[in-house]
Each structure stands twice: as structure tokens, then as C-alpha cells.
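*Asks:* please find the sequence and the predicted model below.
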Amino acid sequence: MGQILRLNVLGRFEAICSDRPASNLGTRKAQALLAYLAFEHAHPQSREHLATLLWSEMNDERARHNLRQALSKIRSTFGDVVETRGDDILLNHAIVCSDVADFEELAKSDDAEALMECISLYRGDLLDGFTLREPVFEEWLVPARSHLRRIACETAARLSQALRDQARREECVAVLGDLLAIDAACEQAHRDLMEVLVELGRRSDALRQYKICVDSLEREVGAEPSRETQELFARLKESSSPSTVPGTSSSRDEQMRHDHPTIAVLPFENLSGAENDYFVDGIVEDLLTSLSCFRSLLVIARGSTFLYRNSQLTDKAIAGELGAQFLVRGSVQRNGNRIRLNVQLLDAPAGLTVWGHRFDREFEDVFVLQDEITSTLVSTLAGRVESVRMAQARKAPAERLDAYDCLLRGKDYHHRFTADDCDLCIRMFEQAIERDSTYAVAYAWLGCGLGQAMVFGLDEISTLVDRAQAAAERGLELDENESECHRILAQVHLTRGNVSRAFRHQEKALILNPNDDRSVCAMGEILSYRGQHEDAERWVRKSMRLNPYHPERYWTHLVRPLLHLGRFEEALEALDHIGNRRRDDHVYAIAASVGSGDEDAIRYAVDALKIDLSDADIVQVVAALPYAHAADRALVHDALVTAGISIA
């Protein structure tokens, strides 16, 4: 038999050839056309309908021309995988198969093994993550996704019942978990899972599942559990001798679910008035920094946790969205020279308070207080994983206290990310240094503020780079283990084009603070410029996991390795996440569009770039990209030339 093309459209789009690796199809329109024909595998589609579906905003002649081009691209890449019957178009089922066709066929079966295979095919929603700027296509995609999701839910429910009838309870638990991942508000699945967990002797897990059900229903549909579900929960609570199955283990509630516990420190409540917001946020940020230094913990970044300030969500819902097992909540009251701080460590999924304490201290003890809280959290969460404990409380000199207040105010301005606030943050960091010239972390943050000033163009780049380098190097003279100084110096040397020195400083920064999402992402950026694109992608994606609500700039650092790995469509999808594109974003958009062969995308990207930049400016942007290898720079350069941009 000759070549067979396998189209996978449940989850991310894939086109796999049986006899060779599939060539890059190129345009998203061609991918969308194949995906649509796969979904409508039993029904031929007219040319007029397909042209309207994918090019609705063009006139008929232009739309049909683009359809012919897309079909030509598909055939040149995969062969005769598309048939034409008069004015109708359909897949050639003799050499094309698809996961969606197999999925729908297997869903009709009553055999448990066939149903398990059916569920395994459902890797995610139809064309998960796929975007296309075509209103008619999007109008089709939404109900099509709902249709397949409904089939998946119904199939999983039938399969779970079949497995339960066959006493295959562990498999049943897994299937019900898959079902709830698809539809978290499926109340019948919650009830079934509670009952199966009891049959396995996991009564505590069953009780916990009820709480998950309550939160899911409230979050998804704004409803409470039905009377049937509430009565089941009541029976489980009252039961003192749950049924068990021979050979099963008892509840595993006390086991930690991760080798590295995940913790999110939520914004503390300020009980002292708005004028102390900066101080309260600064306490939390320092706590995050201290916790991040421990390899035994995975710490969710400030940028994500602070979005939940004043949130009405339950602790369990917040933990679920952040992917955290533990939450830290607290409140701070500052009255003159005294601080009262309440802290709680919560096991959010279990709804338990693991530890709580009230601290009442003089302001002079603020550093002692931070260390005491951090050491308690670390020892509670991960004392057996890593024996490192916090050092003895620092004895801060009196002059440090004024400097610390300036530092916290500066960090508050820095995080607002406007030109005016950037200028203010630099002033506050300089004032912190004036009050304590030995305060290493203040020099680090001054370097960070000067780096932000480059973005806003507050001075000549060369001047700001020199000042940032001087500040960071002075900080290292005072404390060679200040990770922020190493991170700033890495960016300084990258700006100067010295990728090797940038890498050495970034490596040191990560040794000192392995959970700082900014450092993790910066390592991905530097590795990409070094030509290590696969490693770069892994580091950037790790930073996105550490900070689910990361800055848009992280997408730029993901686009770069994807581009150089030849994954042009993924690069374009990543660029779609960037609302306010910078100059290099536009350059990468052109390069990825050229690589994909999408003429429409090329024109759009070139027009967007030329709104702000002349050809001479574009030359400077490309020249400033600090690639270590000429071949990587040539890829970007040649793509711009192909797009019609004049580069000497």
C-alpha cells in the first residue's frame, strides 16, 4: 500500500504521513481546509461553501483563487489526498484517515475496549489552540467543538459504567477523571466518582470529591449540587465503616501529591490604610523571593498571584487555577513603629489550615520577622526534601530601615510599568542607596529600573546600559550572591552582544534563585541567541508554568526558538498572544510568515512593521539581535528580503 495520510484534529492539528515525515504544510488556511474536510468526512463540500468559509471577506473570484492555491499546496505536499467531484471537494478516503472519523465511529460501540480507544483519541477540543481571523470559520468551529465534546462526555460516562460493572474500579476512576477534565460541571460524573472511591476504600477522597463538585458547579454554572448529590455526601459523612475491596489501600489524603510542593503567596490584606499598600506588597514580595531560593519548592510568581487581590473565588478555586497545592494568606497592620502580621498556610484542595501564627514585632525586627515566616513555611512544606534552613536572623542596622522603605516604594513604582513610574522607581532606588550605601539589593533593583528605562526610552541606550552595569557590579561587590545583580548583568552583556558572558551570569542567577520566572525565561532567551533552540523552548515554557499570568514579552522569547526550529505556524500562534508588539516581534512575524508560505500573513506583518519603521530602522533592529551564529541571523535577514524589505 502507498502513502497514508493521518489527520489529527482533536487537540492540536497534526498531519502525519505513513512512509515519511510530513512536510510543513505552510498556511493555516490549508490546515483549516483539511481539518474541516476531516470533520465533514462523510459529506462532500462545494467550492463555493469552502471559499466562503475561509475567505469570507474577499470577493468570490479572489476567494475561489485562494481556494485553488490552498488545494494546490495540499496536493504538492501530500499527493492526491483531496478528491474533486464536479464542484464538490472531499478527502480521498482510500489514502486519508482521521482521528475524528475514528472517534465518531468508536463512540457508537458498546464494547469497553472500543470505548477506551475512543476516549484516548480525544486529546482535546477540536483544533485546540488554533486561531484564524475568519468570522465564518469561527462561527462553525464553536458549535463543532461543543458537538464533539458532548460525544466525548457521553462516551466517557458509558465507559465508566461498563468498567464499574466489570469491577475495573481503578480504570473507572481514571476515565471519570478524564470526563471531568472535559466537563467539570458533569454532576453525574462527580457522584459516580465519589461512589467508586468509596468502593476502593478511599472514603476521604470521596468526601473531598464532593467539595470539588461544589466548587466546580459554582464556578462553571453558578449552581449548587442537586439534592441527590447532597444526600450521597450526607450518607458518606455518616458512614463509619465504608465498604472496601480486598487488596485496596486506605485513604491517601496524607500523601503529598508532588515531590516539589507548589505554593502561591496571595496578596496580604492591608489593615493600615492605602498609604501602606507599598509596604504590605513589599513584605509579600520579599517572602516570595526568599521562598524561591529553595529547590524543594515550586513557587508561583508574583505576577500571577497578585491578580487574585480581592478575589471572590474560594481558596480551592484559586489554587486550581494557579496549579498550587498550598496557599499563603495574611494580613499586615502597621501602627507607628509596630507591625502586627497574621499568616496562614493552607492546604487548599483539602480545605485545611496547615499552620497559622500571629507576629507582633517592632519595626526594627522586620528582617527577623521575614526570616521567621519563611523558615517556618519551608520547614513545614519541604523540610524532609531539602535540609537547608534559613540562616540566623539578620541584625539590620538602624539606617537600613529607611533604605528598606525606599526600596519597597521603588518596587511598587517599578511594577506599575509606565514611563513616569519608571522614573520614580529609579529615584526611590537611588534614595535607598543614599540612606545605606552598602545595601546590595538596592543596587540590583536600580539596575532593573534602568533596564526598564530602556524600554521607555528615558535616555540614550548606551548611557542606560552603562549605568545598569555599574549598579549591578557594585551590588555584587557588596554581595556576590545577589541573584538579581547577576540577572541584570546577563541582560547588560546580552545588549552589548556578548552572549557568552550573559550566559555565565544568567547561570549564576539561576543557581542562586532557581524559581525566579524572570531568570528562567531569560535563560531561554540567551540559549536561543546561542543557537540552542530546543533547550531555549524548554526554559521559556518552564517560566510560563511558574508564572501562568506572565508578561506578554515571554511569548517573544518563545517565538524565537520556534522560528529557528522551523515550527513557523506555532511561532505565528505564539505571536497572536502579543497585543502590543515591539519592533523585534514584527520582524519575527515576517520571518515566520515567510517560512509558512502564507502570503496574506506576510503582507499583514510587513504593513504592521512599516507603520513605525523605515527600511533603515529595520536594518538596525536586525543588526541589534545578538545572535551568536551567522546562520540564525541569516534566516531572519533572508526572510525580510523575501518579504520585499530592502536590507543592504
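*Replies:* It's in.
*Asks:* going forward, measure contacts between C-alpha atoms and count neighbours the same way
*Replies:* Noted.
*Asks:* low-confidence ranges in the stretch 501-648 of the chain?
*Replies:* Along the stretch 501-648 of the chain, the model assigns pLDDT under 70 to residues 515, 546-549, 612, 615-616, 647-648.
*Asks:* tell me where the stretch 51-200 of the chain has strands.
*Replies:* Assigned by DSSP state E, counting those that start in this stretch, the strands in the stretch 51-200 of the chain fall at 82-85, 88-91, 96-98.
*Asks:* among those, which is nearest residue 272?
*Replies:* Nearest to residue 272 among those is strand 96-98 (61.6 Å), distances taken as Cα to Cα.
*Asks:* tell me the domain boundaries of this structure?
*Replies:* Split into domains by automatic domain parsing, the chain comes to 1-183, 262-395, 552-648.
*Asks:* run the chain-centre distance for the longest one.
*Replies:* The gap between the average C-alpha position of domain 1-183 and the chain average comes to 26 Å, counting by Cα atoms, centre = their mean, to the nearest Å.
*Asks:* average pLDDT for it?
*Replies:* On average, the pLDDT along domain 1-183 is 87.
*Asks:* my guess is residue 83 contacts residue 93. True?
*Replies:* No: using Cα atoms under 8 Å, residue 83 is not in contact with residue 93, being 9.1 Å away.
*Asks:* how about the domains of the chain in TSV, adding mean neighbour count and distance to residue 510?
*Replies:* Output for the domains of the chain, formatted as TSV (neighbours: other Cα atoms under 10 Å; distance: least, Cα to Cα, whole Å):
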stretch	mean neighbour count	distance to residue 510
domain 1-183	17	31
domain 262-395	18	9
domain 552-648	18	17
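*Asks:* can I get those in JSON lines with distance to residue 458?
*Replies:* Shown next, in JSON lines, are these (distance: least, Cα to Cα, whole Å):
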{"stretch": "domain 1-183", "distance to residue 458": "37"}
{"stretch": "domain 262-395", "distance to residue 458": "24"}
{"stretch": "domain 552-648", "distance to residue 458": "17"}
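*Asks:* in the stretch 301-450 of the chain, which spans are helices?
*Replies:* 302-305, 315-322, 366-382, 398-416, 419-435, 440-456 (DSSP state H, counting those that start in this stretch).
*Asks:* now the ones you listed in CSV, with mean pLDDT?
*Replies:* Formatted as CSV, the helices of the stretch 301-450 of the chain follow (pLDDT from 0 to 100):
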stretch, mean pLDDT
helix 302-305, 80
helix 315-322, 85
helix 366-382, 54
helix 398-416, 73
helix 419-435, 93
helix 440-456, 91
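*Asks:* and residue 233, which of those is closest to it?
*Replies:* Among the helices of the stretch 301-450 of the chain, if distance is taken as Cα to Cα, the winner is helix 315-322, at 18.4 Å.
*Asks:* show me the contacts for residue 152.
*Replies:* Listed by Cα atoms under 8 Å, 6 or more residues apart in numbering, the contact partners of residue 152 are 107, 119, 122, 179, 182.
*Asks:* swap the cut-off to 7 Å and go again
*Replies:* Residues in contact with residue 152 (Cα atoms under 7 Å, 6 or more residues apart in numbering) are residue 119.
*Asks:* and the longest helix for the chain?
*Replies:* The helix that spans the most residues within the chain, counting by DSSP state H, is helix 135-165.
*Asks:* and the strands of the stretch 51-200 of the chain as TSV, adding distance to residue 277?
*Replies:* Shown next, in TSV, are the strands of the stretch 51-200 of the chain (distance: least, Cα to Cα, whole Å):
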stretch	distance to residue 277
strand 82-85	63
strand 88-91	62
strand 96-98	56
